[in-house]
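*Asks:* Next come a sequence and a model predicted from it.
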Amino acid sequence: MEQIFLTAAVLLLPMLCTTAGAAGVFLLRKTGEPATRRMLCGMAAGIMLAASVWSLLLPAIERAEQGPLPAWVPPAVGLLLGAVGLLRLETLAGRLLNAGPGRSGRMVLAVTLHNLPEGMAVGVVLAGFLAGDPTITLASVTALSVGIAIQNVPEGAIVSLPLATNGLSRPRAFLAGTLCGAVEPLGAAIMVAITGLVTPLLPVVLAFAAGAMMYVVTEELIPQTQQGHHTNIGTIGVAFGFVLMMVLDVALG
């Protein structure tokens, strides 16, 4: 019974936080405060960077040390596949949207696409924990889920606020932000369901998720922290978010 509640909480928490962020369209001005957006994007970037290291890459390396290949090979391959794979996928999808809804549509697509590997990352870690993998602890599962959930709050707002600014009604903008997060529990549930198949490939899959998260940080989040004047606030946000996620993982471990 405890495992059922744990699984439900881990799978649903990131989506619920995306929904909470999207609900900001009802509370905040449509344009938002530039300094606030830079800070939130910076925090999200820092959290994702720390999560990719402590909750994904380090467990991937520990697990790879038990395999026949050098310990750096599976994580390196997985990380490159994750970063390059998401880049190619977003590039292809962006071309399909060039004649469509424009920048707002591409932002929705970008957030949705990177939410899928985030959900898969949570699912992979949870699957390893449920399977009794000694390199993955309850603290790792909790820290990763909470970290992704925290950075999903500004992501929900990143989707809903621009859509409302471009003329979409607030309820529809909120729904779009919510649906962007709905792919996360889907990806996580798939990973949990195929635990037996995933476990042997855990180092590559964990690193794949880390690579996808790193791509999102460099392509979508970091550029937004450097817009406008006084860009140091975005840098402070990155450092604060990184430390927050690091503390969560280390303290709970």
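*Replies:* Cool, the structure landed.
*Asks:* backbone phi and psi for Leu69, please?
*Replies:* Note on Leu69: its backbone torsions stand at phi -90, psi 160 [degrees, to the nearest 10].
*Asks:* For stretch 148-157, which residues meet the burial criterion?
*Replies:* Ile148, Ala149, Ile150, Gln151, Asn152, Val153, Pro154, Glu155, Gly156, Ala157 (16 or more other CB atoms under 10 Å). (C-beta placed from N, C-alpha, C; glycine too.)
*Asks:* now stretch 200-209
*Replies:* Across stretch 200-209, burial judged by 16+ other CB under 10 Å covers Leu202, Pro203, Val204, Val205, Leu206, Ala207, Phe208, Ala209.
*Asks:* Show the contacting residues for Leu221.
*Replies:* Applying CB atoms under 8 Å, 6 or more residues apart in numbering to Leu221 gives the contacts Cys41, Gly42, Ala44, Ala45, Met48.
*Asks:* Could you find the closest non-adjacent residue to the second one?
*Replies:* I take that to be Gly42. Closest residue to Gly42 apart from its sequence neighbours, by CB to CB, 6 or more residues apart in numbering: Gly237 at 2.3 Å.
*Asks:* Likewise for Gly177?
*Replies:* Distance criterion CB to CB, 6+ apart; nearest residue to Gly177, sequence neighbours excluded, is Ala22 at 2.7 Å.
*Asks:* Please tell me how far that neighbour sits from Ala149.
*Replies:* Distance of Ala22 to Ala149, computed by CB to CB, to the nearest Å: 14 Å.
*Asks:* surely Val159 meets Ala176?
*Replies:* Yes. Judged on CB atoms under 8 Å, Val159 makes contact with Ala176 at a distance of 5.9 Å.
*Asks:* Compare those two (neighbour count), which wins?
*Replies:* The residue with more neighbours, out of Val159 and Ala176, is Val159; 28 against 23, by other CB atoms under 10 Å.
*Asks:* host element of the more buried one?
*Replies:* Secondary structure assignment for Val159, by DSSP states H and E: helix 138-165.
*Asks:* how far does that helix sit from the chain's center?
*Replies:* From the chain centre to the centre of helix 138-165 is a distance of 7 Å (CA atoms, centre = their mean, to the nearest Å).
*Asks:* Report all helices and strands that that helix contacts.
*Replies:* Here helix 138-165 touches helix 2-22, helix 34-50, helix 102-130, helix 170-193, helix 232-252, going by 3 or more CB pairs under 8 Å, 6 or more residues apart in numbering; DSSP states H and E.
*Asks:* Looking at the buried residues of stretch 148-157, which one is closest to Thr137?
*Replies:* Proximity of the buried residues of stretch 148-157 to Thr137 (CB to CB) peaks at Ile148, which lies at 16.9 Å.
*Asks:* For the closest one, give its distance to Leu56.
*Replies:* Distance from Ile148 to Leu56, by CB to CB: 11 Å.
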